[in-house]
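Visitor: no sequence for this one, just the structure:
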């Protein structure tokens, strides 16, 4: 997250120069991270469930056919995965809040790469 905040330093400085509060800039960063976390978590759930089914229904069924194990994800497990996956990524930008608050807006906007 630290790298992402450094890469967007000029964007954040521009928003601050136009009068947005630091809280709003951080809120937008948290919202963007939450959306990315949601997409990543949903893709992870789909890939993980596919891997679980393949492991249980193909590999385990060939190795130990007498067990009869089923691949099941409960609703509670999915809720916990979504909360942890989205929550951890959404809260991460708050670690860079101090850097955004202390940003020198004029000098950040003056730098041309």
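Guide: Here it is on my side, so go on. All values derive from a computational prediction rather than experimental measurement.
Visitor: quick check: residue 81 touching residue 43?
Guide: No - under the criterion of CB atoms under 8 Å, residue 81 makes no contact with residue 43, lying 11.9 Å away. Using the backbone N, CA and C atoms, a C-beta is placed for each residue, glycine as well.
Visitor: could you report the neighbour count for residue 93?
Guide: 23 (other CB atoms under 10 Å).
Visitor: contacting residues around it?
Guide: 1, 4, 5, 26, 29, 30, 33 (CB atoms under 8 Å, 6 or more residues apart in numbering).
Visitor: what's the helix or strand for the residue nearest to it when sequence neighbours are not counted?
Guide: Of all residues not flanking residue 93 in the chain, residue 29 sits nearest, at 4.3 Å (CB to CB, 6 or more residues apart in numbering). Per DSSP states H and E, residue 29 falls inside helix 22-54.
Visitor: for the helix or strand following that helix, give the mean pLDDT please.
Guide: Using DSSP H and E, the helix or strand that follows helix 22-54 in sequence is helix 61-63. Mean per-residue pLDDT for helix 61-63: 87.
Visitor: buried sites along helix 61-63?
Guide: By 16 or more other CB atoms under 10 Å, helix 61-63 has no buried positions at all.
Visitor: outside of the host helix or strand of residue 98, which residues touch it?
Guide: Assigned by DSSP H and E, residue 98 falls within helix 97-101. For helix 97-101, the surrounding residues in contact (CB under 8 Å, 6+ apart) are 2, 5, 12, 22, 25, 26.
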